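> Sequence isn't available, so here's the structure alone:
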């Protein structure tokens, strides 16, 4: 697989966003947000999606120069209007508002409407860490998931991320879709003509399926929890949808606009764009920071050192992604040939060299 | 199964708590909290546990007259010291602090240490509904769950509850353990000599098990997510543990004190008692309440009316529990013979008639 230095992809992506008309600061911010996925090994959410964002912009569905503003607020909360901008830009700007509120009154909670896909949830939650805060981020997404017993797709993979600072130990970073598997994993199985494990997807009749094409052929992704627990993943995905969109005034459930430009958004939207939800809590709003960090270190060490199944180790959320990021910063980011071709064609269209 | 009117169980339980020395208001509050589980059909967490609380009190591990107080606070956050009281009393008192802060600054977030088991998480989250707020509640619990790859039990079933007010439609109430199944379900299978589904438990070697006695025999409950997704349930349970205990100064992970009085708490605790975490957000801190409720109604109706697998219906979180509560308020609460005997013996000891 061809491999690219992070800086090369950064420079290319930044120039693409500039070519769309993003102000320089926004282009840099969007690039950092997008490429955090490639660094952390979430290849489905990184530069592979750049052409998707460009096509949405071509279709007039992304505003390259949004005025991200507060629509409503209290000392600890805000509703932010993303003005149709890139979620990659709207997200961090909204998270900064949450952080500023936490600085003032202990915690900050921001619901966002009129936005678009924001990359990986973990990036936004991690913005809290440098300020010794706990960060939360969630977003709704295009409907691909059937609630328990449903034949219809009503929810997105609606991820939840929580980042918690530690002391000597690396930070705790949970970043998870509320489905058993991301759609990207089905796409990989499709390409390799492999079956998928039970619990990932259902067919058009709502029956569990091991066919990697099940979702494509009228089925749906299943919520986290498998055969006897999918009502829990459905409930979590529902909370993400409600916090991100019903609270903010964005589209929810089946109305969430599709990411792919060839599918039209609903003609009768129930809100504006898609929605996110962010939270920040100052650690020292609860107990002294040094004390908290010492106990986080103890928590992490205790779990990491637990007796494990032979050949395995208990991991801390964030461990695999951090290892990938360290490796890829040094060794470069591998991209599928198809992604490289796609990037080259985006670049050619906008006069930007990879 | 013998069935008891709610009022009869209420009066009995209240007199038991009074006999322990609880002040009258606390006895009433503890009873309401505990019996909300029986009403809502979570039989494992209701009056069946009354004798367990009494035994903890006998062992000097529950303070019947706690001074629940704020140890630290900011305008939107607080750390509450439960003073070793019943979680059934400490929980609602801490949630009231969260609600008061939300009234003032839009949201309120309270971490609690030095508490004990608080009944069902849903009860506490639902306290927000009457004030048109969104409520959150979580708690850590005695270690029964093995993180992914672990042979050791390091987490409790660590539930998360989220309550969201609606308008014409009934409220949305998610209340879920972060395991695939509660321990109570294994106990039922044990009694009936039935196997359990894969994904619920592992044996002492960390292998998936369908033996209902697996946990008893050195195994552990598995986190939500099954064979390919248990790292997500582990991550959620970990967040609950960190928010409830590392943030508050309670015991976490393997140090959480056992509920059963015959097991001793750790001789080297890392904090005080067990921990909870509560949140409250005013809906109108984000958008006008009437607007929000109209959209919640639309959300609920859309999901409820989705095309479903033949013979099934898409449920809204809280639907089954609300139906059970309505039925049991009218028809009474069924109790296993063993539970009745247990209550009678508790009553005899304390001079209280069932």
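Received the coordinates, thanks. As the structure is a prediction and not an experimental result, all values here were calculated from the model.

> Would you enumerate the residues in contact with the residue in the stretch 101-250 of chain A positioned nearest to chain B?
Of all residues in the stretch 101-250 of chain A, the one sitting closest to chain B is residue A:106 (3.0 Å; C-beta to the nearest C-beta). For glycine as for every other residue, the C-beta is placed from the backbone atoms N, C-alpha and C. Applying C-beta atoms under 8 Å, 6 or more residues apart in numbering or on different chains to residue A:106 gives the contacts A:76, A:281-282, A:285, B:73-77, B:109.

> change it to 10 Å
Going by C-beta atoms under 10 Å, 6 or more residues apart in numbering or on different chains, residue A:106 touches A:75-76, A:133, A:280-282, A:284-286, B:72-78, B:101, B:105, B:107-109.

> Tell me which of those fall in helices.
B:101, B:105 (DSSP state H).

> residue ranges for the helices of the stretch 251-354 of chain A, please.
A:289-304, A:319-331, A:337-350 (DSSP state H, counting those that start in this stretch).

> do the same with the stretch 101-250 of chain A
Using DSSP H, counting those that start in this stretch, the helices of the stretch 101-250 of chain A run over A:121-126, A:183-192, A:226-241.

> And those, which one averages the lowest pLDDT?
Per-stretch mean pLDDT for these is lowest at helix A:183-192 (a mean of 81).

> quick one: buried residues of the helix or strand hosting residue A:34?
Element membership of residue A:34 [criterion: DSSP states H and E] is helix A:24-39. For helix A:24-39, a neighbour-count test (16 or more other C-beta atoms under 10 Å in any protein chain shown) marks A:26-39 as buried.

> Export those residues as TSV, with columns for distance to chain B and pLDDT.
Converted to TSV, these look like this (distance: C-beta to the nearest C-beta, whole Å; pLDDT from 0 to 100):
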residue	distance to chain B	pLDDT
A:26	25	98
A:27	30	98
A:28	30	98
A:29	25	98
A:30	26	98
A:31	28	98
A:32	25	98
A:33	22	98
A:34	24	98
A:35	24	98
A:36	19	98
A:37	18	97
A:38	21	97
A:39	20	98
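
> Between these, which sits nearest residue A:211?
Closest to residue A:211 out of these is residue A:37 (27.4 Å), distances taken as C-beta to C-beta.

> what separates the closest one from residue A:134, distance-wise?
From residue A:37 across to residue A:134, the span is 22 Å (C-beta to C-beta, to the nearest Å).

> Need the per-residue pLDDT for the closest residue in space to residue A:285 that isn't next to it in sequence.
Nearest in space to residue A:285, with sequence neighbours left out and distances taken as C-beta to C-beta, 6 or more residues apart in numbering or on different chains, is residue A:106 at 3.6 Å. With respect to pLDDT, residue A:106 scores 98.

> One more: the one 10 residues further on?
As predicted, residue A:116 sits at a pLDDT of 96.

> residues near it, how many?
Neighbour count of residue A:116, defined by other C-beta atoms under 10 Å in any protein chain shown: 26.

> Surely it is in contact with residue A:59?
No - using C-beta atoms under 10 Å, residue A:116 makes no contact with residue A:59, being 11.6 Å away.

> list residues touching both of these two?
Counting by C-beta under 10 Å, 6+ apart, nothing touches both residue A:116 and residue A:59.

> how much space between the residue of chain A positioned farthest from its centre and chain B?
Most distant from the centre of chain A: residue A:310, at 32.9 Å, with distances by C-alpha atoms, centre = their mean. If you measure residue A:310 against chain B using C-beta to the nearest C-beta, to the nearest Å, the figure is 9 Å.

> Now residue A:214. Nearest residue, chain neighbours left out?
residue A:201 is the one closest to residue A:214 (C-beta to C-beta, 6+ apart), at 4.3 Å.

> So in terms of bridging, what pairs with that neighbour?
Beta-bridge pairing of residue A:201 under DSSP bridges involves residue A:209, residue A:221.

> How about the contacts made by it?
By C-beta under 10 Å, 6+ apart, residue A:201 lies in contact with A:144-146, A:179-181, A:183, A:185-186, A:189, A:208-216, A:219-222.

> Return the members of those classed as buried.
A:144-146, A:179-181, A:183, A:185-186, A:189, A:208-209, A:211-215, A:219-222.

> Make sure residue A:209 is actually in contact with residue A:189.
No - counting by C-beta under 10 Å, residue A:209 does not reach residue A:189; the two are 11.6 Å apart.

> Give the residues shared as contacts by those two.
Taking C-beta under 10 Å, 6+ apart as the contact rule, residue A:209 and residue A:189 both touch A:195-196, A:200-201.

> Looks like residue A:160 contacts residue B:236 (just checking).
Yes - judged on C-beta under 10 Å, residue A:160 makes contact with residue B:236 at a distance of 8.0 Å.

> who has more neighbours, the two?
Neighbour count, other C-beta under 10 Å: between residue A:160 and residue B:236, residue B:236 has more, with 31 against 26.

> contacting residues for that one?
So residue B:236 contacts A:160, A:162, A:174, A:176, A:178, A:224, A:232, A:236, A:317, B:138, B:155, B:158-160, B:176-179, B:223-225 (C-beta under 10 Å, 6+ apart).

> buried subset of those residues?
With burial judged by 16+ other C-beta under 10 Å, the buried subset of the contacts of residue B:236 is A:160, A:162, A:174, A:176, A:178, A:224, A:232, A:236, A:317, B:138, B:155, B:158-160, B:176-179, B:223-225.

> Now, the residues you listed that are in strands?
Among the buried ones among the contacts of residue B:236, the members falling in strands are A:160, A:162, A:174, A:176, B:138, B:160, B:176 (criterion: DSSP state E).

> residues in contact with the nearest residue to the last one once chain neighbours are set aside?
In space, and not counting its chain neighbours, residue B:176 is closest to residue A:232: 4.6 Å by C-beta to C-beta, 6+ apart. If a contact means C-beta under 10 Å, 6+ apart, then residue A:232 has A:148, A:178, A:223-226, B:160, B:174, B:176-180, B:224-225, B:233, B:236, B:317 as its contacts.

> that older thread, where does the residue nearest to residue A:285 fall, phi/psi-wise?
phi 100, psi -40 (degrees, to the nearest 10).

> do you know how far it is from residue A:159?
In terms of C-beta to C-beta, residue A:106 sits 26 Å off from residue A:159.

> quick one on the thing from earlier: show me the one in the shared contacts of residue A:209 and residue A:189 that has more neighbours than the rest.
residue A:201 (30 neighbours).

> Dump the ones in strands among the buried ones among the contacts of residue B:236 to JSON lines, plus distance to residue A:263.
What follows is those, written out as JSON lines (distance: C-beta to C-beta, whole Å):
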{"residue": "A:160", "distance to residue A:263": "25"}
{"residue": "A:162", "distance to residue A:263": "31"}
{"residue": "A:174", "distance to residue A:263": "31"}
{"residue": "A:176", "distance to residue A:263": "26"}
{"residue": "B:138", "distance to residue A:263": "37"}
{"residue": "B:160", "distance to residue A:263": "33"}
{"residue": "B:176", "distance to residue A:263": "32"}
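
> Of all the helices of the stretch 101-250 of chain A, which one is nearest residue B:323?
With C-beta to C-beta as the criterion, residue B:323 lies closest to helix A:226-241 of those, at 14.8 Å.
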